[in-house]
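> Just the structure for this:
(chains A and B)
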2 protein chains.
Amino acid sequence: MTSSHIARCAQLAMALEVSATPKPGNIDRDHNYTDTRFEHFLASAVGVYPIMEKAASSGSGIGSLIREAVTESGKWQKGGNTHFGAFILLIPLVMAAGRYGDRTCLKTQVQKVVRGTTVDDAVDFYRAFSEAGVKVKPVDDMDLSDAASIEKIKAQGLTLYNMMEISSGYDMIAEEWTNGFQKTFECAGSIQDKIKEHGINDAVVLTFMEILSRNKDTFIQTKFDNKKAEEVSMRAKNILKNGGMEDIRNELHSFDEELLREGVNPGSTADLMISGLFVSLFEGMRF
Amino acid sequence: MTSSHIARCAQLAMALEVSATPKPGNIDRDHNYTDTRFEHFLASAVGVYPIMEKAASSGSGIGSLIREAVTESGKWQKGGNTHFGAFILLIPLVMAAGRYGDRTCLKTQVQKVVRGTTVDDAVDFYRAFSEAGVKVKPVDDMDLSDAASIEKIKAQGLTLYNMMEISSGYDMIAEEWTNGFQKTFECAGSIQDKIKEHGINDAVVLTFMEILSRNKDTFIQTKFDNKKAEEVSMRAKNILKNGGMEDIRNELHSFDEELLREGVNPGSTADLMISGLFVSLFEGMRF
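Residues are numbered from 1 along each chain as shown, chains lettered A, B, ... in the order given. Below you'll find the model as predicted:
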């Protein structure tokens, strides 16, 4: 598979994720926030093509590739941070996909890719984070807005993988790195199981709800607290108990309105959906 | 500007056009047809990247590039023909953009590009048409479903530009080729004028309505007749007389429902919007 094909799978994964509706609390084709809109996500997905193509043909440099993706995304739209979390998952997956053909290999190789990261990757990632202005929980004693922390990373010899290990207990994106991208592959399996019966939009919506019901969303935990994230997951679980899609859709609309009113958006769950969609498209899923 | 940048402008133009809503009669983010959906258009827009990049770096072969774009689009989605008309406009614009920097040059050079087409381009285009299964009015005495017509093209020494000349009296896409892409550049100007006040979605919707009000849509003429196309344009004109965007939006919703019920879709107007969006993005429009 060519680097171009893999890069387009990444673009389409981002476009399909943001399009799927209704997705409670998040931007989708029917929901904008004040300063960030649906079209900003499309422009970002399109804009990062060359970074994804580069990742598919390169064996190292995850930290700087994530940083380049953030920069390139910002050149194509003025809606702010759209895909930071998604890039953290996509870049290693795209790198692994560029070198290996089938799913078994992808699973094995993406682990090698993340375990092979360096201290330079950690420094680049750190810089990307502060450039993107993303809200995060301070990692250990390192404040991401603090330039002195770069010196600490170097002094302690922390690789990017080590940094993810530190965060993996409370961050679902970091946990993917240390846990073999388990939820990403589960997500891919779920989308592929559902697409024939439900079509692409509802396959994404249902899988999104399943992930949300089973995992406290990190973005909500960081923006609010653990309790709020638990409530949201419990609510998602109860909605899914309504077997039929029509009932689920109806309940989703009011759930969505509530979350939007409170400013609660399950952003990390959306990031996982993108990596799951990427794996599905890479494995040949079409609709 | 790199070929990659130009190719991404083409991708984003297609994604923004299909996203803009409400767009009377056509597929948009809130409307699907039975077999063709919003997501099919996104997948096609993403999928054709390499053909657009190739067009941006190549000086000839319009016919075969259009044919390759149709084939590649079909590999990424199962919704049938999504962008045939758009490719007829985009490919020469992308070729011209690849070689020349500013707008004056783009206008001049796209004319050189289309006038420079050959008999081979006509034959390739003809094959692309029949492969895509697009409904068209027979050109002169040539039936596009008739293989013998290829022999006639060759015997008469018709270039692709000559074929567009034959159709330009009744086909708004062909007329762009012979008229210096006049409506494309008007469309680009209109979008750029409106984006600051109205944002990207409404700038596209309003410009779409202006084009529709001033031109009988070729796709409607071919699928129905001249009278129906005239009615639709007159209706669009009357709706635009409601100065305010909110009033326009309300009227648009019922217009949209009527057209969908009758199966009337102004597809050629959408193709023109894509070429206008491409020119705007190429000229640096961001949002």
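> where does the stretch 101-250 of chain A come near chain B, residue by residue?
Counting by C-beta under 8 Å from any C-beta of the partner chain, the residues of the stretch 101-250 of chain A lying close to chain B are A:199, A:200, A:201. For the C-beta atoms, the positions are set from N, CA and C on the backbone; glycine is no exception.
> I'd like to know which of these are part of helices.
A:199, A:200, A:201 (DSSP state H).
> which among those residues end up buried?
Neighbour counting over those (16 or more other C-beta atoms under 10 Å in any protein chain shown) leaves A:200, A:201 as the buried ones.
> quick one: residue A:267 and chain B, what's the gap?
Distance, residue A:267 to chain B, using C-beta to the nearest C-beta, to the nearest Å: 21 Å.
> cool, and residue A:131?
For residue A:131 relative to chain B (C-beta to the nearest C-beta), the value is 18 Å.
> quick one: secondary structure of that residue?
State at residue A:131, reduced to three classes by DSSP: H, G, I helix; E, B strand; the rest coil: helix.
> Among the residues of the stretch 101-250 of chain A next to chain B, which one lies nearest to residue B:10?
Distance to residue B:10 across these (C-beta to C-beta) is lowest for residue A:200, with 23.0 Å.
> Hmm, residue B:39 and the closest one touching each other?
Yes: contact status for residue A:200 versus residue B:39: in contact at 5.1 Å, counting by C-beta atoms under 8 Å.
> then stretch A:50-70 to PDB, C-alphas only?
Only the C-alpha atoms of stretch A:50-70 are listed here, as PDB (Å, rounded to 0.1, in the frame of the first residue of the first chain):
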ATOM      1  CA  PRO A  50       1.700  15.800   3.600                       C
ATOM      2  CA  ILE A  51       2.500  15.100   7.200                       C
ATOM      3  CA  MET A  52       0.600  11.900   7.100                       C
ATOM      4  CA  GLU A  53       2.300  10.900   3.900                       C
ATOM      5  CA  LYS A  54       5.600  11.700   5.400                       C
ATOM      6  CA  ALA A  55       4.800   9.600   8.500                       C
ATOM      7  CA  ALA A  56       3.800   6.700   6.300                       C
ATOM      8  CA  SER A  57       7.200   6.700   4.700                       C
ATOM      9  CA  SER A  58       9.400   7.500   7.700                       C
ATOM     10  CA  GLY A  59      10.700   5.300  10.500                       C
ATOM     11  CA  SER A  60      11.100   7.800  13.300                       C
ATOM     12  CA  GLY A  61      10.400  11.300  14.500                       C
ATOM     13  CA  ILE A  62       6.900  10.900  16.000                       C
ATOM     14  CA  GLY A  63       7.400  13.900  18.200                       C
ATOM     15  CA  SER A  64       8.300  16.200  15.400                       C
ATOM     16  CA  LEU A  65       5.600  14.700  13.100                       C
ATOM     17  CA  ILE A  66       2.900  15.400  15.700                       C
ATOM     18  CA  ARG A  67       4.300  19.000  16.000                       C
ATOM     19  CA  GLU A  68       4.300  19.400  12.200                       C
ATOM     20  CA  ALA A  69       0.700  18.100  11.900                       C
ATOM     21  CA  VAL A  70      -0.400  20.700  14.500                       C
END
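> on that earlier part again, find residues that contact each of residue A:200 and residue B:39.
Taking C-beta atoms under 8 Å, 6 or more residues apart in numbering or on different chains as the criterion, residue A:200 and residue B:39 both touch A:16, A:287.
> what comes up buried for stretch A:110-123?
Using 16+ other C-beta under 10 Å as the burial criterion, the residues of stretch A:110-123 that qualify are A:110, A:111, A:113, A:114, A:116, A:117, A:118, A:119, A:120, A:121, A:122, A:123.
> Surely the first one and residue A:91 touch.
It refers to residue A:110. No: between residue A:110 and residue A:91 no contact is recorded; they are 10.2 Å apart, counting by C-beta under 8 Å.
> Strands - which of the buried residues of stretch A:110-123 land there?
Using DSSP state E, no member of the buried residues of stretch A:110-123 falls in strands.
> Need these in CSV (columns: distance to residue B:12 and pLDDT).
Output for those, formatted as CSV (distance: C-beta to C-beta, whole Å; pLDDT from 0 to 100):
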residue, distance to residue B:12, pLDDT
A:110, 29, 95
A:111, 34, 95
A:113, 29, 95
A:114, 31, 97
A:116, 34, 96
A:117, 32, 97
A:118, 34, 97
A:119, 37, 97
A:120, 32, 97
A:121, 30, 97
A:122, 33, 96
A:123, 32, 95
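> OK, now which residue of the stretch 101-250 of chain A is nearest to chain B?
Using C-beta to the nearest C-beta, the single residue of the stretch 101-250 of chain A nearest to chain B is residue A:200, 5.1 Å away.
> Please report how far that residue lies from residue A:189.
Here the distance between residue A:200 and residue A:189 works out to 15 Å (C-beta to C-beta, to the nearest Å).
> Ok, residue A:213 next?
According to C-beta to C-beta, residue A:213 stands 16 Å off from residue A:189.
> Isn't residue A:80 up against residue A:35?
Yes: in this structure, residue A:80 is within contact of residue A:35 by C-beta under 8 Å, at 6.5 Å.
> So if I had to pick from those two, which one is more boxed in?
Using other C-beta atoms under 10 Å in any protein chain shown, the more surrounded residue of residue A:80 and residue A:35 is residue A:80, with 16 against 9.
> Thanks again, I'm all set now.
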